[in-house]
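Student: sequence unavailable; structure follows:
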């Protein structure tokens, strides 16, 4: 028996998983899975909460092409400049070599 689908859900909707994938096509179309919620967005930046942490997508003329909250899928179009994960541990890493030497 295939456990990919939830029992008792309408139309055999797929079960939400902890998978998180990013697919960027020609820096123009970005498809992201594993999105818990869209925190904020405008034409220059999207802030998404994913199953693997907060993700900032920055670019130009960004707009949401598709949003499927049930499946955790977001599609963004526009010119993508960068994708950055915002982690708590990132603050410790930003101290660099001198920060580690002078603890």
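Tutor: Done, it's in. All values derive from a computational prediction rather than experimental measurement. Residues are numbered from 1 along each chain as shown.

Student: can you give me the helices for the chain?
Tutor: Taking DSSP state H, the helices of the chain run over residues 89-93, 96-101.

Student: confidence-wise, which of these is weakest overall?
Tutor: Out of the helices of the chain, helix 89-93 stands lowest, with a mean of 54 (criterion: mean pLDDT).

Student: next, the buried residues of stretch 21-28.
Tutor: By neighbour count on 16 or more other C-beta atoms under 10 Å, the buried set for stretch 21-28 is empty. For the C-beta atoms, the positions are set from N, CA and C on the backbone; glycine is no exception.

Student: what's in contact with stretch 79-87?
Tutor: 22, 24, 27-28, 30, 52-62 (C-beta atoms under 8 Å, 6 or more residues apart in numbering).

Student: what about burial for those, which qualify?
Tutor: Of the contacts of stretch 79-87, these count as buried by 16+ other C-beta under 10 Å: 30, 55, 57, 59, 62.

Student: which ones among those are found in strands?
Tutor: 30, 55, 57, 59, 62 (DSSP state E).

Student: now residue 77, nearest residue through space, not along the chain?
Tutor: Distances taken as C-beta to C-beta, 6 or more residues apart in numbering place residue 65 nearest to residue 77, at 4.8 Å, with adjacent residues excluded.

Student: list the contacts of the residue lying closest to residue 31 once chain neighbours are set aside.
Tutor: If the residues on either side of it in the chain are set aside, residue 31 comes closest to residue 23, at 4.4 Å by C-beta to C-beta, 6+ apart. Neighbour list for residue 23: 30, 31, 32 [criterion: C-beta under 8 Å, 6+ apart].
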